[in-house]
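1. give me a model of this one.
(one chain, ligands or ions: 1)
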Amino acid sequence: MITRPLFGQNAASNKLNVLLIGVWGRGLAHYDSISEENVVALCDVNEARFPDALKRFPNATTYVDWRKALDHKGLDAVVICTTDHTHAFIANWALKRNLHVYCEKPLAITVNEARTVRATWETKKGKLATQVGMQRHAQPNFNRVKELIRDGAIGELKAAYAWGNRQIARPGYFPEEGTPPKGFHYDLWLGPAPFHPYNPAYFSGGAGANCLSWNMFWDFGAGQIGDMGSHTMDLLWNAVDAKLPTSADAKGEAMNSDVTPVNCESHFEHPANDWRGPITISWYQGGAMPRSPRPSIDLTKIGHGAMFKGTKGFLIADFDSRMIIPFGDDADMSYYKPRKKEDMIPDLGHFQKQWFDACRDPSKPTACDFGYSSYMIEQMLLGLVAYRVGKKIKYDGATGTSPDTPEANVFMTKEYSKGWNIDG
Ligand SMILES: NC(=O)c1ccc[n+]([C@@H]2O[C@H](COP(=O)([O-])OP(=O)(O)OC[C@H]3O[C@@H](n4cnc5c(N)ncnc54)[C@H](O)[C@@H]3O)[C@@H](O)[C@H]2O)c1
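-> Residues are numbered from 1 along each chain as shown. You can find the predicted model right below:
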């Protein structure tokens, strides 16, 4: 007699056993897609979030510590919607437990965290499905931009720029105030972060926007890079086909040891690949902006955008539209042949479902897997390293170190609270 498990990816039902970590805020945006699977476990450091979550997923076991939740028996997949400073830890632990992982952006808040997750992912790729929550990637415009760049609509690609204009300035960590409400495990919220006293201001935002209460502090996030910057750089990254830069340079407002910069720009040199020559990539945030190609075009009207410079013109894009500006006397577009409809990159469909499909068949691709996404965030985080040392640094992508600026290496990683290990 053949017995079949009732649940899990090998079950007759073919439903996956899912753990959701961070059940409120961004977690709510995942309820519809995970409810098509078996949600067997829920984890949140705030027990007050469980009653509502259990109304939707009544059969789930609840946990307050993600380390214990990951050992829930029979798990197939985990969705991570916690604070940025826990993402690389949970993602790495989950991969090591052979779980499929969907991790909200950003995948990491230091260069080393990005590299650690990628190293584990390299050993699991093809067997486990991964996706970083850059769901705007599913907008068809992302691939239309990519096709135009690849097909030579602006000639040979030379440089690419992305920017975001969100500005949330804070003077420093909030001072000690009040005590955590009953059932809120502040020690677990801090997790691997060094201790900072409780203050309700870290938890004052609405659902899905509370990250704007903590993501600018060095110990809890990476500022704009982990916030809208991840989405906007994704628009650029999808088109340029880059991995790691050979140098990083950055400048911005004065360094604050508590808070990541609001105003900052970083520049990276990337080597040639098989379809283009070397390029530079730049990231601008908090009011810093690339120079517009024409005085009549006001780039500041695009809050989060990308621009590509080629030998024959510019392409400017936001998340759902694009424009081409042929530039120079011979920029007559005769060199550009639009793709036939049937040769266009197919839409990826529903972003979360693309991941669930790959969980069932990990040979299927996901658009923002931990390879693509870890290279992207490593580059951006390297910009913060250059900002902190205050000069242009060389980067050796093989070792994750700066050969000419050893003082930069200390900023590739960060201090963690005792007892927390990313490689657990
Ligand atoms: N993809 C997007 O468009 C998008 C949009 C908003 C937020 N996000 C990302 O989602 C994440 C969460 O943002 P948010 O605004 O929902 O934050 P939040 O502070 O509201 O936290 C979400 C939930 O996670 C819980 N939580 C926090 N740390 C935890 C931990 N260590 N273990 C278990 N539960 C924990 C909180 O109690 C809360 O219920 C962030 O990383 C943010 O970047 C992504």
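2. which SSE is the nearest residue to Thr311 once chain neighbours are set aside in?
-> Spatial nearest neighbour of Thr311, excluding adjacent residues (C-beta to C-beta, 6 or more residues apart in numbering): Gly155 at 3.5 Å. (Glycine included, C-beta is placed from N, CA and C.) Here Gly155 sits in a region with no helix or strand, counting by DSSP states H and E.
3. OK, contacts around whichever residue of the stretch 1-150 of the chain sits closest to the ligand?
-> Relative to the ligand, the nearest point of the stretch 1-150 of the chain is Gly25 (2.2 Å; C-beta to the nearest ligand atom). The contact partners of Gly25, by C-beta atoms under 8 Å, 6 or more residues apart in numbering, come to 81, 207-211.
4. which two among those are spaced furthest apart?
-> Farthest pair in the contacts of Gly25 (C-beta to C-beta) is Cys81 and Ala209. Separation: 13.2 Å.
5. which one of those two is surrounded by more residues?
-> Legend: neighbour count by other C-beta atoms under 10 Å for Cys81 and Ala209, higher for Cys81 (24 against 11).
6. let me see the contact set for the residue nearest to the more buried one when sequence neighbours are not counted.
-> Nearest non-adjacent residue to Cys81, counting by C-beta to C-beta, 6+ apart: Gly22, 3.4 Å away. Shown in contact with Gly22 (C-beta under 8 Å, 6+ apart): 43-44, 80-83, 104.
7. mind redoing it with 7 Å?
-> 44, 80-82 (C-beta atoms under 7 Å, 6 or more residues apart in numbering).
8. near the ligand, which residues of the chain show up?
-> Contact residues, the chain versus the ligand (C-beta under 6 Å from any ligand atom): 21-27, 43-46, 49, 66, 81-84, 86, 104-105, 133, 135, 188-189, 191, 208-211, 226.
9. buried ones among these?
-> Buried members of those, counted by 16 or more other C-beta atoms under 10 Å: 21-27, 43-46, 49, 66, 81-84, 86, 104-105, 133, 135, 188-189, 191, 210-211, 226.
10. from those residues, which ones fall inside strands?
-> The members of those that map onto strands under DSSP state E are 21, 43.
11. narrow the buried ones among the residues of the chain next to the ligand to those in helices?
-> Under the assignment DSSP state H, these contribute 66, 84, 86, 188-189 to helices.
12. wait, what's in contact with Pro278?
-> Pro278 sits next to 269-272 when contact means C-beta under 7 Å, 6+ apart.
13. out of those residues, the closest to Phe203 would be?
-> In terms of C-beta to C-beta, no member of those lies closer to Phe203 than His270, at 39.2 Å.
14. how deep is that closest one tucked in, by neighbour count?
-> His270 has 22 neighbours, counted by other C-beta under 10 Å.
15. so how far is the ligand from it?
-> 25 Å (C-beta to the nearest ligand atom, to the nearest Å).
16. that residue bridge partners, please.
-> For His270, the beta-bridge partners are Ile279 (DSSP bridges).
17. would you agree Gly88 falls within a strand?
-> For residue 88 the amino acid is Ala, not Gly. No: counting by DSSP: H, G, I helix; E, B strand; the rest coil, Ala88 is located in no strand; its state is helix.
18. before we move on, what SS does the residue nearest to Gln352 when sequence neighbours are not counted have?
-> Using C-beta to C-beta, 6+ apart and skipping the chain neighbours, the partner closest in space to Gln352 is Ser33 (4.0 Å). Assigned state for Ser33: helix (three-state reduction, three-state DSSP).
19. got the contact list for Asp249?
-> Taking C-beta under 7 Å, 6+ apart, one finds 266-267, 386, 392 in contact with Asp249.
20. next, count neighbours for Asn59.
-> Neighbour count of Asn59, defined by other C-beta under 10 Å: 10.
21. now do the nearest residue to it once chain neighbours are set aside, the pLDDT please.
-> Counting by C-beta to C-beta, 6+ apart, Asn59 lies nearest to Val40, which is 6.9 Å off, once chain neighbours are set aside. Per-residue confidence (pLDDT) for Val40: 98.
22. which helix or which strand is home to Val40?
-> strand 38-43.
23. got the buried residues for that strand?
-> Under 16+ other C-beta under 10 Å, the buried positions of strand 38-43 are 38-43.
24. which residues touch the closest residue to Ser292 other than its chain neighbours?
-> Nearest residue to Ser292 in three dimensions, chain neighbours excluded: Leu299, at 4.9 Å (C-beta to C-beta, 6+ apart). Residues counted as contacts of Leu299 (C-beta under 7 Å, 6+ apart) are 289-290, 292, 305.
25. got a ChimeraX select line for the buried ones in those?
-> Buried residues within the contacts of Leu299, by 16+ other C-beta under 10 Å, are selected in ChimeraX with:
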select :289,290,305
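26. state the pair within the contacts of Leu299 that is farthest apart.
-> Spatial extent of the contacts of Leu299 (C-beta to C-beta) is set by the pair Ser292 and Gly305 at 11.1 Å.
27. contacts only, for the residue of the stretch 301-424 of the chain found nearest the ligand.
-> Closest approach of the stretch 301-424 of the chain to the ligand (C-beta to the nearest ligand atom) occurs at Phe351, with a separation of 9.2 Å. Residues near Phe351 by C-beta under 7 Å, 6+ apart: 135, 137-138.
28. kindly recompute the last result at 8 Å.
-> Phe351 makes contacts with 131, 135, 137-138, 367, as judged by C-beta under 8 Å, 6+ apart.
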